[in-house]
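Engineer: here is a sequence together with a model predicted from it:
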Amino acid sequence: MTQTRITRTAIHLTGALMAAVLAFGAMTSTTAHAATAGSTSQAAASKITAPGQPKFGDQGPTVVALQSAIIANGFSLKGGATGKFNTVTRRALRTFQKVVGLRVTGVVDEATVAVLKLAIAPATTTTVAPATTTTVTPTTVFLKVIPKRGGKGKSVLTVQTALVTAGVTVRGGTDGVFGSSTAEAISFFQKSKGLAVTSTLTPDTISALGLSVTTTTTVAPATTTTVAPATTTTVAPVLLSIESLPKRGDTNDATRVIQTVLVAAGIEIKGGIDGVFGIATTIAVQKFQTAQNLSVTGRVDYATALKLNIVSPPVVLLDVFPVQGLCSFIDTWHAPRGSNRQHLGVDIIAAQGQLLYAASDGVIGKVTQDGPGKISGNALRLIKADGTYFFYAHMKSFAEGIVEGSVVKAGQVIGLVGMTGTGSPHLHFEVHPGGGEAVNPYPVVKAVDACSVTAPRVAPTV
């Protein structure tokens, strides 16, 4: 069946990604030409690869940096950061450009560089007498948290990228998950460098990968008669995964990150930054939540973590959580499904017959009826005005009047939790920004988690 095409407008962006898009828009608007010739020139320029950035067909570290940035923003890249600018990478790049409202070229132009925050570190020149030039190129990448087996997040992604840059293959690509593939890659790297093979990030391994756990570093010029001032490199704030957010009773690096950010925000912690999540840290979190008009719980939930700027914001914002509680869900993005499939959604486990809500205003797209060989069972697409769509699968039934072309409001009941096409009752939920490839929906639904809310929602005015 041909899918109905919906007119697309700019999608809602938040957090760091929104800031990058707005910053670039402000920059370009101040230099825009009113004349038609100027507009034509800018359009042509948008198809030109920015200096120092990779082109289609290139291989190497600059391609790894591009691919890692796309993945870090929540976009799917089959095979991970392979270091090869092939059709898969170009397709993912075009999806990113479309979602954030850039000109869709598949080229790493200046606009894309600004939003993805890509940069090639320029050489630092130190002048010594008599007229001698020493070039120092910074190569060290910094970590605040040393990732361990089972961890997830940007620190793992940094290590995986360093391994790939060193010529070591990470099975499954740079996905930000420290599993058996990453451990095997570390072991191979250690063996190739004559290091003790531990599969863990020992100090020698970190150093050999060109990494450091220091928050700042001073790059000193070569010893000469006259030395230029030292250069200080500032490291971006540490981002934690949702699963690694600390809780009361924890003693770990994640708690230390929370405490550091709270102190930087002017919140005093009795006992200081000690990595222990006790009563002093709980009180500090409560003070922060009060100041930010958040629900005061003393827990570092997703909303609090977003305000602390220690987690990445979701790519898409839902107006309504799609399932009536009680329910539960975990992050199973890209988990194996059979011999040749990966999980492209989040499974929200709930009792059969619980209500399913429209996650936003939109139009019902393709509707699939359960039948032999239909893995999705009863399923439908809910399409927003900007083309973003949400895929609901394994439904018991559709609500009365829900057919292809139906206009629905956020919070409206569109069906019931079921188990059609599968073996247990749950909602399989996917997010496709701008109508493109699926992105990890876990942060999207976690941001509006309402699994504890059992009362049916008040029906919206249709």
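Structural biologist: That came through fine.
Engineer: hey, let's count contacts and neighbours off CA atoms from now on
Structural biologist: Fine.
Engineer: what's in contact with stretch 354-368?
Structural biologist: Residues from elsewhere that reach stretch 354-368, judged by Cα atoms under 8 Å, 6 or more residues apart in numbering: 1, 3-4, 318-325, 376-385, 390, 402-417, 456.
Engineer: 6 Å - rerun?
Structural biologist: Residues outside stretch 354-368 that contact it (Cα atoms under 6 Å, 6 or more residues apart in numbering): 318-324, 378-384, 404-417.
Engineer: looking at these, which are in strands?
Structural biologist: 378-383, 407-408, 413-416 (DSSP state E).
Engineer: can you say which of these are buried?
Structural biologist: Neighbour counting with 16 or more other Cα atoms under 10 Å marks 378-383, 407-408, 413-416 as buried within the ones in strands among the contacts of stretch 354-368.
Engineer: among these, which one sits closest to Lys117?
Structural biologist: Ile383 (29.8 Å; Cα to Cα).
Engineer: OK, contacts around the spatially closest residue to that closest one that is not a sequence neighbour?
Structural biologist: In space, not counting the residues next to it along the chain, Ile383 is nearest to Tyr389; the distance is 4.2 Å by Cα to Cα, 6 or more residues apart in numbering. Residues counted as contacts of Tyr389 (Cα under 6 Å, 6+ apart) are 382-383, 432, 435.
Engineer: any idea how far Gly435 is from Ala351?
Structural biologist: Applying Cα to Cα, to the nearest Å, the value for Gly435 to Ala351 is 30 Å.
Engineer: same check, this time on Phe398
Structural biologist: To Ala351, Phe398 is 16 Å away according to Cα to Cα.
Engineer: with Asn378 instead?
Structural biologist: Distance from Asn378 to Ala351, by Cα to Cα: 16 Å.
Engineer: tell me who's in contact with Gly57.
Structural biologist: 85-86.
Engineer: in the stretch 201-350 of the chain, where is pLDDT below threshold?
Structural biologist: Applying pLDDT under 70 to the stretch 201-350 of the chain picks out residues 214-238.
Engineer: now the helices for it?
Structural biologist: Per DSSP state H, counting those that start in this stretch, the stretch 201-350 of the chain carries helices over the ranges 203-208, 253-264, 279-291, 302-308.
Engineer: could you dump those helices to TSV with mean neighbour count and distance to Ser180?
Structural biologist: Below are the helices of the stretch 201-350 of the chain laid out as TSV (neighbours: other Cα atoms under 10 Å; distance: least, Cα to Cα, whole Å):
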stretch	mean neighbour count	distance to Ser180
helix 203-208	16	17
helix 253-264	19	22
helix 279-291	19	34
helix 302-308	18	28
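Engineer: tell me which of these lies nearest to Gly338.
Structural biologist: Closest among those, using Cα to Cα: helix 302-308, at 31.7 Å.
Engineer: neighbouring contacts of that closest one?
Structural biologist: By Cα under 6 Å, 6+ apart, the residues outside helix 302-308 that reach it are Val311.
Engineer: can you show me the CA trace of that helix as CSV?
Structural biologist: Provided in CSV are the C-alpha atoms of helix 302-308 (Å, rounded to 0.1, in the frame of the first residue of the first chain):
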residue,chain,number,x,y,z
TYR,A,302,15.2,12.2,33.6
ALA,A,303,13.6,15.6,34.0
THR,A,304,16.1,16.6,36.6
ALA,A,305,19.0,15.2,34.6
LEU,A,306,17.9,17.2,31.6
LYS,A,307,18.0,20.4,33.7
LEU,A,308,21.4,19.5,35.0
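Engineer: now it, how far from the chain's geometric center?
Structural biologist: Relative to the centre of its chain, helix 302-308 is centred 15 Å away, using Cα atoms, centre = their mean, to the nearest Å.
Engineer: same check on stretch 198-215?
Structural biologist: Worked out by Cα atoms, centre = their mean, stretch 198-215 lies 24 Å from the chain centre.
Engineer: likewise for stretch 439-447?
Structural biologist: Stretch 439-447 sits 10 Å away from the centroid of its parent chain (Cα atoms, centre = their mean).
Engineer: where's the closest residue to Leu143 other than its chain neighbours relative to Leu262, distance?
Structural biologist: Spatial nearest neighbour of Leu143, excluding adjacent residues (Cα to Cα, 6+ apart): Val213 at 4.5 Å. Using Cα to Cα, we find Val213 at a distance of 21 Å from Leu262.
Engineer: residues of the strand or helix carrying Thr89 that come out buried?
Structural biologist: When elements are assigned from DSSP states H and E, Thr89 belongs to helix 87-99. By neighbour count on 16+ other Cα under 10 Å, the buried set for helix 87-99 is 89-99.
Engineer: strands along the stretch 101-250 of the chain, start to end?
Structural biologist: Listed in chain order, the strands of the stretch 101-250 of the chain (DSSP state E, counting those that start in this stretch) span 124-128, 132-136, 141-142, 211-212, 216-219, 231-234.
Engineer: picking that back up, need the buried ones among the ones in strands among the contacts of stretch 354-368 in JSON lines (columns: pLDDT).
Structural biologist: JSON lines is the format used below for these (pLDDT from 0 to 100):
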{"residue": "Asn378", "pLDDT": "96"}
{"residue": "Ala379", "pLDDT": "97"}
{"residue": "Leu380", "pLDDT": "97"}
{"residue": "Arg381", "pLDDT": "96"}
{"residue": "Leu382", "pLDDT": "97"}
{"residue": "Ile383", "pLDDT": "96"}
{"residue": "Val407", "pLDDT": "96"}
{"residue": "Val408", "pLDDT": "96"}
{"residue": "Val413", "pLDDT": "97"}
{"residue": "Ile414", "pLDDT": "97"}
{"residue": "Gly415", "pLDDT": "97"}
{"residue": "Leu416", "pLDDT": "98"}
